[in-house]
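J.: I'll drop the sequence and a predicted model, then ask my questions.
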Amino acid sequence: MTEYQKKDLLYKGKAKEMFTTNDPDVIWVHYMDQVTAFNGKKKVQMSGKGQTNCKISSLIFQDLANHGITNHFIKQIDSNNMLVKRVKIIELETVVRNFASGSFEKKFACEHLMKFEKPVQEFWFKSDELNDPFINDSQAIALKVANEDQMNQMRAIALKVNDRLKEIFSEMNIDLVDFKVEFGIDSDNQLILADEISPDSCRLVDKTTRKSLDKDVFRKGLGELVPVYEEILKRLENVEEV
Ligand code: UDP
């Protein structure tokens with residue numbers, strides 16, 4: 001239980017709803033039993049998806065905080081709900097890639113899961129109308145989406161997140177192919193990690209079977225999604241330090 005009360009709906013996304021609470025600095029996040037892909041064109045209700053992602057995201061955010069990566073997570077309240085610090089989201093998706101997949105593989109017609117010597121970093125402009133176009137630093141700065149210092153901070157934090165996530169997933173016999181994170185500015189004007197980190201926003205491949213254990217199962221129609229996410233949660237709960 002929590003001392004916080006859920007108030008007004010602030011925002012309804014594709015997988016989460018955000019509500020205000022009795023504390024102006026605290027947001028209530030509800031993880032929905034819904035999965036979407038291709039900018040919302042493919043959308044399905046799936047029982048158990050919300051609670052699995054809520055738990056995975058909570059465990060990961062807590063672990064990152066324990067490893068010095070400040071983020072918006074406060075606590076999980078119940079199966080599908082968590083409290084987070086209110087931030088103003090920077091309208092960029094920050095992507096880190098360790099292996100070629102998804103849009104990178106398509107754009108450069110390279111070998112699927114080609115391993116990179118150094119992580120690749122990309123920014124995408126969050127805009128449903130424009131279909132989230134690729135954006136570089138000077139474009140983001142020109143559009144005042146973020147300033148130069150913030151761009152540098154996002155790059156540096158995203159690489160730290162990558163280092164820790166690679167460690168966690170490696171313990172789970174999983175290769176972290178790529179992932180997306182988002183950042184926000186808190187009430188103290190600090191840039192911090194926000195949004196969620198779950199198999200909705202990461203590509204994960206089993207090191208032994210090379211099977212996808214993430215939203216690609218849904219994107220590519222490879223089978224049932226929720227059991228795959230439950231498998232990720234089970235492995236994550238078995239990682240000792242997480
Ligand atoms: N991603 C995401 N939300 C998006 C776009 C991408 O979480 O709106 C994640 C995606 O799950 C993958 C990584 O960012 O882990 C890189 O995605 P990519 O650019 O390959 O695009 P996609 O194939 O998802 O269109």
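T.: Nice, thanks for sending it over.
J.: How about the residues of the chain by the ligand?
T.: Proximity of the chain to the ligand, by CB under 6 Å from any ligand atom, involves residues 93, 95, 101-104, 132, 178-180, 201-203, 215. Any C-beta I mention is one placed from the backbone N, CA and C, and that applies to glycine too.
J.: and stretch 116-130, C-alpha only, in PDB?
T.: Output of stretch 116-130 as PDB, limited to C-alpha atoms (Å, rounded to 0.1, in the frame of the first residue of the first chain):
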ATOM      1  CA  PHE A 116      29.900  -4.000 -32.900                       C
ATOM      2  CA  GLU A 117      33.400  -3.400 -31.400                       C
ATOM      3  CA  LYS A 118      32.000  -0.200 -29.700                       C
ATOM      4  CA  PRO A 119      28.400   0.500 -28.900                       C
ATOM      5  CA  VAL A 120      26.500   2.500 -31.500                       C
ATOM      6  CA  GLN A 121      24.500   5.500 -30.200                       C
ATOM      7  CA  GLU A 122      21.500   7.200 -31.900                       C
ATOM      8  CA  PHE A 123      18.900   9.700 -31.200                       C
ATOM      9  CA  TRP A 124      15.300   9.700 -32.600                       C
ATOM     10  CA  PHE A 125      12.900  12.600 -32.300                       C
ATOM     11  CA  LYS A 126       9.800  11.600 -30.500                       C
ATOM     12  CA  SER A 127       6.900  12.600 -32.800                       C
ATOM     13  CA  ASP A 128       4.100  10.300 -33.800                       C
ATOM     14  CA  GLU A 129       3.100  12.700 -36.600                       C
ATOM     15  CA  LEU A 130       6.600  12.500 -38.100                       C
END
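J.: Name the residues of it that are buried.
T.: By 16 or more other CB atoms under 10 Å, the buried positions in stretch 116-130 come out as P119, E122, F123, W124, F125, K126.
J.: Any idea how many residues pack against Q76?
T.: By other CB atoms under 10 Å, the residues close to Q76 number 20.
J.: Bridged to it, which residues?
T.: Beta-bridge partners for Q76, by DSSP bridges, are M82.
J.: That one contacts F61, doesn't it?
T.: No - using CB atoms under 8 Å, Q76 makes no contact with F61, being 9.4 Å away.
J.: how close does whatever residue of the chain ends up closest to the ligand get to K115?
T.: Nearest residue of the chain to the ligand: G102, at 2.1 Å (CB to the nearest ligand atom). Counting by CB to CB, to the nearest Å, the gap from G102 to K115 is 15 Å.
J.: out of these two, which sits in the more crowded spot?
T.: Set G102 next to K115 and count neighbours by other CB under 10 Å: G102 wins out with 15 against 10.
J.: so what's the more buried one up against?
T.: Shown in contact with G102 (CB atoms under 8 Å, 6 or more residues apart in numbering): D178, R203.
J.: distance between the ends of stretch 184-197?
T.: End-to-end distance for stretch 184-197, by CA to CA, to the nearest Å: 14 Å.
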